Structures are given as C-alpha cells and as structure tokens.
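K.L.:
Whatever this is, show me its structure:
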Amino acid sequence: MRVRKHSLSGVISLSVAAVFLCLILCPTMTDGTLSQSDRSKKKSKEHKLSAKNVLDRGLVTEHVKSKDILKDHQSYCDVEREVKHFSGPTLAYVTPWNGHGYDIAKIFGHKFNYVSPVWLQIKRRGYGNFVIEGAHDVDKGWMNDVTKGRSTKMVPRVLFDGWSANDYHVLFSSEDEIEECAEALLKFTKSNKFAGIVLEVWSQLGGKRKGELAHFLEHLGETFHDSKKELILVLPPPVMQGNHPGMVTMDDFQNVIKSVDAVSLMTYDYSNPMSPGPNSPLSWVKKCVEALVPDEDSPDRRKILVGLNFYGNDYVPNGGGPVVGNQYLDILSKHKPKLSWDKTHREHLFKYKTGMGDHIVYYPTLKSIHERVELARKMNTGISIWEVGQGLQYFYDLL
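P.N.:
Numbers count the residues shown, from 1 in each chain. Here you go, the predicted model:
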C-alpha cells in the first residue's frame, strides 16, 4: 500500500507507484512474515527510557547528528507513554512482516484511536461468493493486549486483491452482488469483534469506475453503520509530483466522504528511484489536503487522516529502495554520515558511498515528524502512520 509516487507524468507516476508498492509490502524487503507463534516467542528488546519527552530534551532540531540518533532513538518518554498529545484522530498501521509493530501497538496504544493490522484480502470466487483471506494472521490475544482498558479501535485493512476487470464489472452491475459483498465483509468483521475495517480498493481500479465505486461504498457504509461498525477508506493523493493530477478529485472526495468515517490519505511516496527526492514534502501534503477540502473549517477536514511515513528511501545511481528503522540505524552506525536539513521540503537527508556508488537517504527524523504533526493540527486533520514497525522508538513522544 505504500511506496513512492513521483514521475515525469501522471501515468508514469502511477505505474512506478504500483511497482514500488509491491516492494514496500514485500516481506523479503524486511523481516519476513511472522506467525503468531513466532511473535509470541520473540523477546522484546531492552529500551532505555526517559522521564522527559523529546521536545523537553531538545532533540527536535534541524541540527541532528548521527551519533545523537544512535544514542537516543530508543529512549522514549515512559512517563507520557499513555498520554496522547495530538488531539486529532490517529491511525497506526501494523504489518506482519515488521513484527516490531505489534510491540509498538501494545506499548503506545493510548496514542492511537485506530490500529489497522494489514492482515486481510477479499477475493471474489464466483457469483455471490466472496471470501476473506488472511484469517490465519488474526491474533486475538494481541488484539486484546492493544485494546484492553483503552479506547483504541481495531480496524484491520482489507485489500481488494487479485480482482479482474470482469470481477469489478459484475460487482458494480448487480445490487445483489453489492449486498453479498457488503454482508461478507460485515459478517467477518462481526465474527472477529473488529470495530470496523480500513478498505483499500481505489488505487486497484487505477482511478476508473469512480462513480460505481462511490455507489458501492454508499451501500457498504450503510451496512456497516447500521451495525455500529466503522468504515475507513484508503485514498491516493489528489496531487502528484510536478503538480500532476492524481486519481482522486475534490468531487470524488465529496461523493464518498458521507459514506465513510475517515479517509486514510496516502501523502507519502512522493519520490522514487527514477527521480530521487523527499518522501513527503510539507508543502505538498498541505496542497493535497486543500485540493480535497479547501475550507479549513469544514468538518470533512477532520475525516482526513494525513499519511505520515515512518520509513525512508535509500537511493543509488541505478535505483534504490525503501529503508526501515533497523536498516537506517545500521547505515548511521557504519558510515557516520552528516545529516542535512532540506529547508524547502522540510526533511533530513544524508549521503554515503558504497561499491554501488553514491547513496542519498531520506528518512524521517523528530524534526520532520514534528512539523507534519503540527501541520495536521493546524489543518484540523488526523494522521495515519505507515507503519509503526518501521519507525524509531522516540518518534512516539510526538504523538
């Protein structure tokens, strides 16, 4: 669901995004898929805790050094671990292939209104037959650990996976099919005691059949809301790099926003190895929100969960790819690079060399995250984090 979307044209951008989407989600890029038994056997790492948050400790700065990140990244503020500083709704994605995210959700669960484990796919197996796959990843014990005694809601992501053009055509052409699909999703949600789901389908259609998709979402929203379940929709950014239009417009947004409880907006993956650069320029994030809801006082703003990446990118002359927290720390430790602050895009970057050539790395820092959280606060939006297993421990002081 997450990688880069930066291109010379809108069409190229979407194609590249699709390719690198696979890279960011592919288990081989990270730690490998963990079964429930694997997670239960995995010992938690020791953490150096602090009585002060990163702001009070002066760690949120443009002038950060490699050695400071290596020294401080585990030392989150234990005193404020159960305190939510950001007033807007916050969604945290957790993936099976970054098992550390399961621990983060348990440790910092009070800071998240929603936790969305990336477990499920919906498949069509013929007329009126819809199957939810991925149930083997559903971990009831972990769900209880995250939500017990908290207002945190468990809303797993459901991906429309492996659907053909004909599958979509049949679904959208039949009210009976729509009802069967909605009931299959609701039944699975109820049987597993989820508070709702996060639905990813818009990008799979490539920006096509948007009117029919809006009609489907209207039915799905009614079905879920009648049973007091929530529906969150994943949307790609409305503006691409170079000011190219994305797959969603203001009119599209208005056609679906009343049917859903929130929108998880993919405001990251701005750049890619074909055109290296920042992960999520601050001005671009602002532009994406304003493109959907220009009125800052509109209640619809509150339904937007601005995407916040907790991963970065390591670019080389002939490509590159995503870099997550443990990889980032290894690079800092081995190469001891000097970090620079990009004043235009409001992100840190650094360079280093290997046998592959010159590398350039963009990875979030306390400063870049703080500015994006503050932007969300000023714009009256929420935030959605992709994904918590890829970040550093002390990032959560800012939430």
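K.L.:
Can you tell me what sits against the helix or strand hosting residue 222?
P.N.:
For residue 222, the host element (DSSP states H and E) is helix 210-226. Contact with helix 210-226 is made by 171-172, 175, 178-179, 181-183, 185-186, 189, 196-197, 199, 201-202, 205, 230-231, 233, 248, 252, 255-256, 258-260, as judged by Cβ atoms under 8 Å, 6 or more residues apart in numbering. C-beta coordinates here come from the backbone N, C-alpha and C atoms, glycine included.
K.L.:
which is the next helix or strand following that helix?
P.N.:
strand 230-235.
K.L.:
Packing partners of the helix or strand that that next one is followed by?
P.N.:
Remark: after strand 230-235, the chain's next helix or strand is helix 250-256, criterion DSSP H and E. With contacts taken as 3 or more Cβ pairs under 8 Å, 6 or more residues apart in numbering; DSSP states H and E, helix 250-256 sits against helix 210-226, helix 282-292.
K.L.:
which of those sits most buried?
P.N.:
helix 282-292 (a mean of 20; mean count of other Cβ atoms under 10 Å).
K.L.:
and the angle for that helix with strand 230-235?
P.N.:
Interaxial angle, helix 282-292 versus strand 230-235 (axes from the mean of the first three to the mean of the last three Cα atoms, to 10 degrees): 120 degrees.
K.L.:
got the contact list for helix 282-292?
P.N.:
Contacts of helix 282-292 (Cβ under 8 Å, 6+ apart): 237-239, 241, 248-250, 253, 265, 267, 270, 300-301, 304, 306, 344-347, 371-372, 375, 379, 381.
K.L.:
Quick check on the residues you listed: which are buried?
P.N.:
Neighbour counting with 16 or more other Cβ atoms under 10 Å marks 237-239, 241, 248, 253, 265, 267, 270, 300-301, 304, 306, 345-347, 371-372, 375, 379, 381 as buried within the contacts of helix 282-292.
K.L.:
so of those residues, which ones are in strands?
P.N.:
265, 304, 306, 347 (DSSP state E).
K.L.:
Kindly reformat these as TSV containing pLDDT and distance to residue 60.
P.N.:
As requested, these are exported to TSV (pLDDT from 0 to 100; distance: Cβ to Cβ, whole Å):
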residue	pLDDT	distance to residue 60
265	98	24
304	98	24
306	98	19
347	98	14
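K.L.:
which of those lies closest to residue 136?
P.N.:
residue 265 (29.9 Å; Cβ to Cβ).
K.L.:
Now do the closest one against residue 317, distance only.
P.N.:
32 Å (Cβ to Cβ, to the nearest Å).
K.L.:
Do you have the helices of the stretch 251-399 of the chain handy? List them.
P.N.:
282-292, 325-335, 366-379 (DSSP state H, counting those that start in this stretch).
K.L.:
Which neighbouring elements make contact with the last one?
P.N.:
Under the contact criterion of 3+ Cβ pairs under 8 Å, 6+ apart, the helices and strands touching helix 366-379 comprise helix 282-292, strand 304-309, strand 347-354, strand 382-386.
K.L.:
wait, which of those is closest to residue 149?
P.N.:
Relative to residue 149, the nearest member of the helices and strands packed on helix 366-379 by Cβ to Cβ is strand 382-386, separated by 21.8 Å.
K.L.:
what packs against that closest one?
P.N.:
For strand 382-386, the packing partners by 3+ Cβ pairs under 8 Å, 6+ apart are strand 90-94, strand 262-265, strand 304-309, helix 366-379.
K.L.:
Give me the contact list for that strand.
P.N.:
1-2, 86, 88-93, 113, 262, 264-266, 268, 302-311, 372-373, 376, 391, 399.
K.L.:
Please save the CA atoms from it in PDB.
P.N.:
In PDB, the C-alpha atoms belonging to strand 382-386 read as follows (Å, rounded to 0.1, in the frame of the first residue of the first chain):
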ATOM      1  CA  GLY A 382      -5.900  13.400  11.700                       C
ATOM      2  CA  ILE A 383      -2.900  11.300  10.800                       C
ATOM      3  CA  SER A 384      -2.300   7.800   9.600                       C
ATOM      4  CA  ILE A 385       1.100   6.200  10.100                       C
ATOM      5  CA  TRP A 386       2.600   3.700   7.600                       C
END
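K.L.:
Adjacent strands (with direction) for that strand?
P.N.:
strand 90-94 (parallel), strand 304-309 (parallel) (DSSP bridges).
K.L.:
Flag every buried residue along whichever helix or strand comes after the first one.
P.N.:
In this case it means strand 90-94. The helix or strand immediately downstream of strand 90-94 is helix 100-107, counting by DSSP H and E. Neighbour counts over helix 100-107 (16+ other Cβ under 10 Å) mark 100-105, 107 as buried.
K.L.:
next one: stretch 114-132
P.N.:
Buried residues in stretch 114-132 (16+ other Cβ under 10 Å): 114-122, 124, 130, 132.
K.L.:
now do stretch 70-79
P.N.:
Neighbour counts over stretch 70-79 (16+ other Cβ under 10 Å) mark 72-77 as buried.
K.L.:
Same check on stretch 336-354?
P.N.:
337, 339, 341-342, 345-350, 352.
K.L.:
Do a quick rundown of the helices in the stretch 51-200 of the chain.
P.N.:
66-72, 100-107, 140-147, 165-173, 175-191.
K.L.:
Could you save those helices as CSV and add columns showing mean pLDDT and distance to residue 155?
P.N.:
As requested, the helices of the stretch 51-200 of the chain are exported to CSV (pLDDT from 0 to 100; distance: least, Cβ to Cβ, whole Å):
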stretch, mean pLDDT, distance to residue 155
helix 66-72, 98, 32
helix 100-107, 97, 12
helix 140-147, 98, 11
helix 165-173, 97, 22
helix 175-191, 98, 9
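K.L.:
which of those helices sits most buried?
P.N.:
When the helices of the stretch 51-200 of the chain are scored by mean count of other Cβ under 10 Å, the highest mean neighbour count falls to helix 100-107 (a mean of 22).
K.L.:
Run the angle between that helix and helix 325-335 for me.
P.N.:
Compare the direction of helix 100-107 with that of helix 325-335 by the same axes, to 10 degrees and you get 110 degrees.
K.L.:
Can I get helix 100-107 in PDB? Just the C-alpha atoms.
P.N.:
Written as PDB, here are the backbone C-alpha positions of helix 100-107 (Å, rounded to 0.1, in the frame of the first residue of the first chain):
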ATOM      1  CA  HIS A 100       8.200  -4.900  15.900                       C
ATOM      2  CA  GLY A 101       5.000  -3.000  15.100                       C
ATOM      3  CA  TYR A 102       3.000  -5.400  17.200                       C
ATOM      4  CA  ASP A 103       5.000  -4.400  20.200                       C
ATOM      5  CA  ILE A 104       4.700  -0.700  19.400                       C
ATOM      6  CA  ALA A 105       0.900  -1.000  19.200                       C
ATOM      7  CA  LYS A 106       0.900  -2.500  22.700                       C
ATOM      8  CA  ILE A 107       3.300   0.000  24.200                       C
END
